[in-house]
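Enquirer: Have a look; sequence and predicted model below, questions after that.
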Amino acid sequence: MQQIAKTYLRELPIGTIGYIVGYDKIFKGYQGKLLSMGLSPGTQFILVRQASKNWPILVEIKENLIRLNQPEADALCVEEID
């Protein structure tokens, strides 16, 4: 069985266009919340802002801005679109 490398939002530069490929098993408790926010596998996003001490991660999905705190963002496994 081939191991798939995981990429997280925190590893991507601002302006990256990508899509959600799944959820990190460590953070499965966030899966329901992320699904209710429209963050399901296959969903395309644009990374608008990275997290800092006072600000959450901000992604744009279908012209909507979604704020993610660090554990929510870390629950998402993503892939960059070239």
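Expert: It's in. Numbering: from 1, shown residues only.

Enquirer: how much space between the most centrally placed residue in the chain and F45?
Expert: Taking Cα atoms, centre = their mean as the criterion, L76 is the residue nearest the geometric centre of the chain, at 4.5 Å. Using Cβ to Cβ, to the nearest Å, one gets 9 Å for the distance from L76 to F45. (C-beta placed from N, C-alpha, C; glycine too.)

Enquirer: which neighbours do those two share?
Expert: 20, 39 (Cβ atoms under 8 Å, 6 or more residues apart in numbering).

Enquirer: what about the residue nearest to the residue nearest to the centre of the chain when sequence neighbours are not counted, neighbour count?
Expert: Once its chain neighbours are removed from consideration, L76 has its nearest residue in I20; the separation is 5.7 Å (Cβ to Cβ, 6 or more residues apart in numbering). Residue neighbour count, defined by other Cβ atoms under 10 Å, stands at 21 for I20.

Enquirer: ok, now A75?
Expert: Here the neighbour count serves as a burial measure; for A75 (other Cβ under 10 Å) it reads 23.

Enquirer: so it makes contact with G32?
Expert: No: with the criterion set as Cβ atoms under 8 Å, A75 and G32 do not qualify as a contacting pair; they are 10.6 Å apart.

Enquirer: any idea what the residue nearest to L76 is structurally, helix, strand or coil?
Expert: Three states are possible here, and by DSSP: H, G, I helix; E, B strand; the rest coil the one that applies to I20 is strand.

Enquirer: Quick check: it vs I61, distance?
Expert: Applying Cβ to Cβ, the value for I20 to I61 is 9 Å.

Enquirer: Let me see the ranges of the strands in this structure.
Expert: 17-23, 44-49, 57-61, 64-68, 76-80 (DSSP state E).

Enquirer: Flag every buried residue along the second one.
Expert: By neighbour count, and taking 16 or more other Cβ atoms under 10 Å as the criterion, the buried residues in strand 44-49 are 45-47.
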